[in-house]
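Novice: this is a predicted model, with the sequence first.
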Amino acid sequence: MHVGLEPWSPGASPSLRGRAPCCWGEAVKGPPSSQLGRRAAWVAAQFFRVQCLRGCEDCRMARDTGVGKSSIVCRFVQDHFDHNISPTIGASFMTKTVPCGNELHKFLIWDTAGQERFHSLAPMYYRGSAAAVIVYDITKQDSFHTLKKWVKELKEHGPENIVMAIAGNKCDLSDIRSSSSSLPPFLHLTMTVVRRKDAIVGWFASI
Ligand SMILES: Nc1nc2c(ncn2[C@@H]2O[C@H](COP(=O)(O)OP(=O)(O)OP(=O)(O)O)[C@@H](O)[C@H]2O)c(=O)[nH]1
């Protein structure tokens, strides 16, 4: 298994500046579509975009701020969890290659900032994506409402046939759970526990 990571560079495109190098992979200079040349997946409401290519797969993730989108990506790519992870600024990009049968699938993951002020950047990341992962925090009702907004935006403005996946994160805090479980039936719902690597890997594989 190969994890394609390079140190994050503060000299890269300002819109891609964000987290610490230990959590974020390659700094990409320029719009994602020109870099990847392939369809990708995206995650927001925080959401991120994940693009999966055969022999090279690309995904993007989108989300709400603080729901744990970056932690999910960090766990998947680096098998690392950080309680003090910093908020994403703009977006971050990471890759991970995993074996799938006789093939290697490479995930190209764009983690977009959840803060409202970065909302206008979102189309740049979900355009051309093969899949989008929308993350909400099961302890925050607001984040569940925000995910509905992202689903609507993706349906109206996202790529045709984009795969949408929803992750309800922070299952370890289920005692203070507040979000409703009445999700639309056409969406794939998987509750994610960031601290468990096997759950994260299996979840991405299902996308
Ligand atoms: N208890 C618990 N905390 C989590 C979990 N996932 C993430 N966190 C914590 O939630 C906080 C926010 O996590 P992030 O991954 O930065 O959330 P985000 O959605 O990427 O936030 P933005 O970058 O601001 O959009 C951090 O303190 C994490 O350590 C989880 O599954 N359980």
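Specialist: Here it is on my side, so go on.
Novice: number of nearby residues for residue 118?
Specialist: Close neighbours of residue 118, defined as other C-beta atoms under 10 Å, add up to 18. From N, CA and C alone the C-beta is placed, and that goes for glycine too.
Novice: do the same with the one 4 residues further on
Specialist: Number of residues near residue 122 (other C-beta under 10 Å) recorded here: 25.
Novice: and stretch 154-166, which residues are buried?
Specialist: Residues of stretch 154-166 classed as buried: 154, 158, 159, 162, 163, 164, 165, 166 (neighbour count, 16 or more other C-beta atoms under 10 Å).
Novice: okay, and which of the residues you listed map to strands?
Specialist: 163, 164, 165, 166 (DSSP state E).
Novice: so how far is the ligand from the first one?
Specialist: Pointing back at residue 163 there. Residue 163 sits at a distance of 20 Å from the ligand (criterion: C-beta to the nearest ligand atom, to the nearest Å).
Novice: coming back round to it: mind putting the buried residues of stretch 154-166 in a markdown table, distance to residue 108 included?
Specialist: Rendered in a markdown table, the data for the buried residues of stretch 154-166 read as follows (distance: C-beta to C-beta, whole Å):
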| residue | distance to residue 108 |
| --- | --- |
| 154 | 18 |
| 158 | 17 |
| 159 | 15 |
| 162 | 15 |
| 163 | 14 |
| 164 | 17 |
| 165 | 16 |
| 166 | 20 |
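Novice: can you redo those as JSON lines with pLDDT?
Specialist: JSON lines is the format used below for the buried residues of stretch 154-166 (pLDDT from 0 to 100):
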{"residue": "154", "pLDDT": "86"}
{"residue": "158", "pLDDT": "85"}
{"residue": "159", "pLDDT": "85"}
{"residue": "162", "pLDDT": "82"}
{"residue": "163", "pLDDT": "82"}
{"residue": "164", "pLDDT": "82"}
{"residue": "165", "pLDDT": "82"}
{"residue": "166", "pLDDT": "80"}
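Novice: check those and tell me the two furthest apart.
Specialist: 159 and 166 (17.5 Å; C-beta to C-beta).
Novice: what's the neighbour count on residue 103?
Specialist: By other C-beta under 10 Å, neighbour count at residue 103 equals 11.
Novice: across the sheet, point out what pairs with it.
Specialist: residue 100 (DSSP bridges).
Novice: for residue 133, give the beta-bridge partners.
Specialist: residue 48, residue 165.
Novice: can you pull the pLDDT of residue 26?
Specialist: If you check residue 26, the pLDDT there is 29.
Novice: can you give me the mean pLDDT across whichever strand or helix holds residue 204?
Specialist: Using DSSP states H and E, residue 204 sits within helix 197-206. Helix 197-206 carries an average pLDDT of 68.
Novice: which regions of this structure lie under the pLDDT threshold?
Specialist: 1-65, 174-200, 202-203, 207 (pLDDT under 70).
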